[in-house]
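Asker: got a predicted model here, sequence first, then my questions.
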Amino acid sequence: MDANILCLKWGTRYPALFVNRLYAGAKRHMERPFRFVCATDDPSGLDKGIEAAPFPGPPPGWKRRWPHIFAKLAVFRDGFAGLEGPTLFLDIDQIITGGIDCFFDWKPGSFCMIRNWIELRKRIFRAPPKIGNSSCFRFEAGKSGYIWEKFLEEQDLALDQRLYRTEQAYMTHAAGKVEWWPADWVRSFKRSCARTFPLNLFLPPKFVPGTRILCFHGNPDPDQAVAGFKGRHLNATTLPAPWVADLWENG
């Protein structure tokens with residue numbers, strides 16, 4: 001196998017359908033052979049071809065609820081799910097919309113990540129922070145255990161929201177040198193497709209051609225975007241986007 005694709009699934013919010021559609025998208029848009037692994041607490045309903053691996057347990061000394069979003073750091077542990085070599089991690093609430101072989105060809109051997117998206121109002125007076133979004137990153141399985149070990153050593157610091165606020169901020173720090181994906185490869189539904197306020201109240205979201213992975217970080221998720229999403233604030237509201245259903249089902 002020349003490549004691995006890895007995802008995590010736990011709890012009941014995201015059924016096996018999300019993993020199955022992510023896998024189907026990878027098969028449609030990947031030319032090289034690959035291994036697709038889902039680490040989960042419930043493998044029922046996963047399609048043939050998806051390898052189920054046990055969901056990682058909490059690290060030593062953990063005092064919070066588990067599973068936790070910091071479980072993403074466990075994938076760097078040497079030997080995790082029996083993976084070796086270039087591994088593309090994808091959150092399951094994403095849609096693969098274009099060729100993704102390039103994610104394995106880009107700067108081989110490096111830790112690669114999509115740079116996090118920041119609201120326009122937060123970019124007016126300052127440069128965006130150099131923090132990745134953990135929905136899409138690539139690492140060398142079997143050679144990235146240093147990230148997990150650093151987390152074990154700095155667990156209290158990692159969880160201190162005054163310092164890192166999110167697991168992706170800590171991951172960016174722990175990885176050391178990060179190579180950013182080209183911005184047009186992975187686009188945010190909220191930041192690139194949804195309209196800015198007040199146009200979002202009158203115009204539906206639009207797909208941006210050239211996108212290879214469409215990321216639904218936070219809300220709405222793909223199923224919510226199809227139906228339309230009413231956010232807590234008007235600027236987070238989106239009208240129905242039926243094209244999301246077509247991409248999600250057919251790529």
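Answerer: Yep, that arrived. Computed from a predicted structure; not experimentally measured.
Asker: give me the pLDDT for the residue nearest to Gly145 when sequence neighbours are not counted.
Answerer: Closest residue to Gly145 apart from its sequence neighbours, by CB to CB, 6 or more residues apart in numbering: Asp78 at 3.9 Å. For every residue, glycine as well, the C-beta is placed using N, CA and C. We have a pLDDT of 95 for Asp78.
Asker: OK, contacts around Asp78?
Answerer: Going by CB atoms under 8 Å, 6 or more residues apart in numbering, Asp78 touches 142-145, 148.
Asker: what do you get if the cut-off is 10 Å, keeping everything else the same?
Answerer: Asp78 makes contact with 84, 141-146, 148-149, according to CB atoms under 10 Å, 6 or more residues apart in numbering.
Asker: ok, and the most crowded of these?
Answerer: Taking other CB atoms under 10 Å as the neighbour criterion, Ala141 ranks highest of these with 24 neighbours.
Asker: you'd agree it is up against Ile147?
Answerer: No - taking contacts as CB atoms under 10 Å, Ala141 lies outside contact range of Ile147: 11.3 Å.
Asker: which neighbours do those two share?
Answerer: 75-77.
Asker: in TSV: the residues you listed, plus secondary structure.
Answerer: Listed next are those as TSV, based on DSSP: H, G, I helix; E, B strand; the rest coil:
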residue	secondary structure
Val75	helix
Phe76	helix
Arg77	coil
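Asker: among the residues you listed, which one lies nearest to Thr172?
Answerer: Within the shared contacts of Ala141 and Ile147, the smallest distance to Thr172 is 13.0 Å, found for Phe76 (CB to CB).
Asker: which residues touch the closest residue to Phe18 other than its chain neighbours?
Answerer: Closest residue in space to Phe18, ignoring its immediate chain neighbours: Ile92 at 4.2 Å, by CB to CB, 6+ apart. Residues in contact with Ile92 (CB under 10 Å, 6+ apart) are 7-9, 14-23, 38, 40, 135, 216, 221-222.
Asker: name the SS class of Ile92, please.
Answerer: coil.
Asker: for it, what are phi and psi?
Answerer: phi -80, psi -10 (degrees, to the nearest 10).
Asker: what about it, distance to Asp156?
Answerer: From Ile92 over to Asp156 the distance is 29 Å, taken as CB to CB, to the nearest Å.
Asker: which stretches of the stretch 51-200 of the chain have low pLDDT?
Answerer: Along the stretch 51-200 of the chain, segments meeting pLDDT under 70 span 119-128.
Asker: show me what the residue lying closest to Ala81 once chain neighbours are set aside is bridged to.
Answerer: Once flanking residues are discounted, Ala81 sits nearest to Ala53: 3.9 Å by CB to CB, 6+ apart. Legend: beta-bridge partners of Ala53 under DSSP bridges are Ala39.
Asker: list the contacts of Ala53.
Answerer: By CB under 10 Å, 6+ apart, the neighbours of Ala53 are 6, 8, 37-40, 43, 75, 80-83.
Asker: buried set for the longest helix along the chain?
Answerer: The helix spanning the most residues in the chain, taking DSSP state H as the definition, is helix 16-29. For helix 16-29, burial by neighbour count (16 or more other CB atoms under 10 Å) applies to 16, 18-26, 29.
Asker: which elements pack onto that helix?
Answerer: strand 4-9, strand 35-40, strand 50-54, strand 85-90, strand 94-96, strand 213-215, helix 222-227, helix 242-250 (3 or more CB pairs under 10 Å, 6 or more residues apart in numbering; DSSP states H and E).
Asker: just give me how far the longest one sits from the chain centre.
Answerer: What that stands for is helix 242-250. 19 Å (CA atoms, centre = their mean, to the nearest Å).
Asker: in what helix or strand does the nearest residue to Pro60 once chain neighbours are set aside lie?
Answerer: In space, and not counting its chain neighbours, Pro60 is closest to Leu152: 7.1 Å by CB to CB, 6+ apart. Using DSSP states H and E, Leu152 sits in helix 145-153.
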